[in-house]
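1. the sequence and its predicted three-dimensional model are supplied below.
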Amino acid sequence: MTFPRGIEDLTPPNIELGNRLFRSWMLLFGVVPVDFDDVTFVEVEPGRRFVECSTMASQRVWLHERIVEPCDGGTLITDRLEWEGRLPGAELLFAAVVPQLFAWRHRQLKRNFGEA
């Protein structure tokens, strides 16, 4: 996913909840744009939780809640996702792809920050 330069802090009061912050492009292999996400946070608890409720090219609704909690000397990250497709079949495609994408993201976090 792309991220605009100049945005250092995505926590209130640096962002306005409920308003689109920026458009992030999802890049296949880091190069080919396959979708975009109009990133909009509706709730933020700095250092603990956020709720993003955005629209995408492929999804009318993209709801992503992430909770970060201390756990046995490490950190537990929980992602809850809901979506509503724009086109027939988009929801089924996301149901197949999104769990794999988030499993990959969590592996990257473990690789970069370690595992308890």
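-> All right, it came through fine. Numbers count the residues shown, from 1 in each chain.
2. from here on, contacts and neighbour counts on C-alpha atoms
-> OK.
3. for the helix or strand bottoming out on mean pLDDT in the chain, which helices and strands make contact with it?
-> Every helix and strand in the chain was compared by mean pLDDT, DSSP states H and E; the lowest is helix 90-113, with a mean of 89. Packing partners of helix 90-113 (3 or more Cα pairs under 8 Å, 6 or more residues apart in numbering; DSSP states H and E): strand 74-85.
4. partner strands of the strand it packs on, parallel or antiparallel?
-> If you go by DSSP bridges, strand 74-85 pairs up with strand 59-71 (antiparallel).
5. show the pLDDT at Gly47.
-> pLDDT recorded at Gly47 is 90.
6. doesn't it fall inside a helix?
-> No. Assignment of Gly47 by DSSP: H, G, I helix; E, B strand; the rest coil gives coil, placing it outside any helix.
7. ok, it touching Pro70?
-> No. Look at Gly47 against Pro70 with Cα atoms under 8 Å: they stay out of range, at 10.8 Å.
8. which outside residues touch the least confident helix or strand of the chain?
-> Here helix 90-113 makes contact (Cα atoms under 8 Å, 6 or more residues apart in numbering) with 58-59, 83-85.
9. widest-spaced pair of those?
-> Ser58 and Trp83 (9.7 Å; Cα to Cα).
10. any common contacting residues for these two?
-> With Cα under 8 Å, 6+ apart, Ser58 and Trp83 have no common neighbours.
11. can you get me a residue count around Gly85?
-> Number of residues near Gly85 (other Cα atoms under 10 Å) recorded here: 19.
12. for the residue nearest to it when sequence neighbours are not counted, give me its contacts.
-> Nearest non-adjacent residue to Gly85, counting by Cα to Cα, 6 or more residues apart in numbering: Gln59, 4.3 Å away. Counting by Cα under 8 Å, 6+ apart, Gln59 makes contact with 83-86, 90.
13. save the residues you listed as a markdown table, and put in distance to Gln108 too.
-> Formatted as a markdown table, the contacts of Gln59 follow (distance: Cα to Cα, whole Å):
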| residue | distance to Gln108 |
| --- | --- |
| Trp83 | 23 |
| Glu84 | 27 |
| Gly85 | 27 |
| Arg86 | 30 |
| Ala90 | 26 |
